[in-house]
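Student: just to be clear, the model below is a prediction. Sequence and coordinates:
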Amino acid sequence: MRCPYCSCEETQVKDSRPTEENAAIRRRRVCPDCGGRFTTFERVQLRELVVVKRSGRKVPFDRDKLLKSVQVALRKRPIEADRIDRMVSGIVRQLESAGDAEVASSTIGAHVMEGLRALDPVAYVRFASVYRDFREAADFQEVLGEIARDDVMDVPPRLAKKH
């Protein structure tokens, strides 16, 4: 593994442990030339996925790009990094298990929306505002109304009357 700081190709693994419920291996590395330390992850990739954009353009699926977009939605929210990684790994597993090599970007967005809704309602609204291309405040009100209705539906009827 090449050092990201000095490009030395002789880095050493100092610690290795399973992570993401044994779906990945986390390796802590050190560069003998510059002393830089960094972490790498080794994950199983069942198949090469290609994302089909709205424009029809096709690009290779990038797990890190998916993770970054989820992290943006969750910025300054009290969600642990492990939970975010598990959510992203779950989405990737669902996409790989679907059997298609090509995945529409809208399908990925729908999986992210579903995951964020369960993880953090604020992040869900943030992501929805970009994914659904909100234009006005009424768009936010509509999503907030959906969340409120679903929350009432999840509460047993006897308790829902108290709200």
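Tutor: Structure received. A quick note: this is a predicted structure, and the numbers were derived from the prediction, not measured.

Student: and the strands in this protein?
Tutor: For the chain, the strands defined by DSSP state E occupy 12-19, 24-30, 37-43, 50-52, 58-60, 102-104.

Student: which outside residues touch the second one?
Tutor: Residues lying outside strand 24-30 but in contact with it, judged by CB atoms under 8 Å, 6 or more residues apart in numbering, are 1, 11-19, 36-44, 89. Heads up, the C-betas are built off the backbone N, CA and C, glycines and all.

Student: for it, the distance to its chain's centre please.
Tutor: 20 Å (CA atoms, centre = their mean, to the nearest Å).

Student: what's the angle between it and strand 37-43?
Tutor: Computed with axes from the mean of the first three to the mean of the last three CA atoms, to 10 degrees, the direction of strand 24-30 lies at 160 degrees from that of strand 37-43.

Student: the first one too?
Tutor: Using the same axes, to 10 degrees, one finds that strand 12-19 and strand 37-43 are set 50 degrees apart in direction.

Student: who's in contact with strand 12-19?
Tutor: Surrounding strand 12-19, the residues in contact under the criterion CB under 8 Å, 6+ apart are 24-32, 37, 41, 82, 85.
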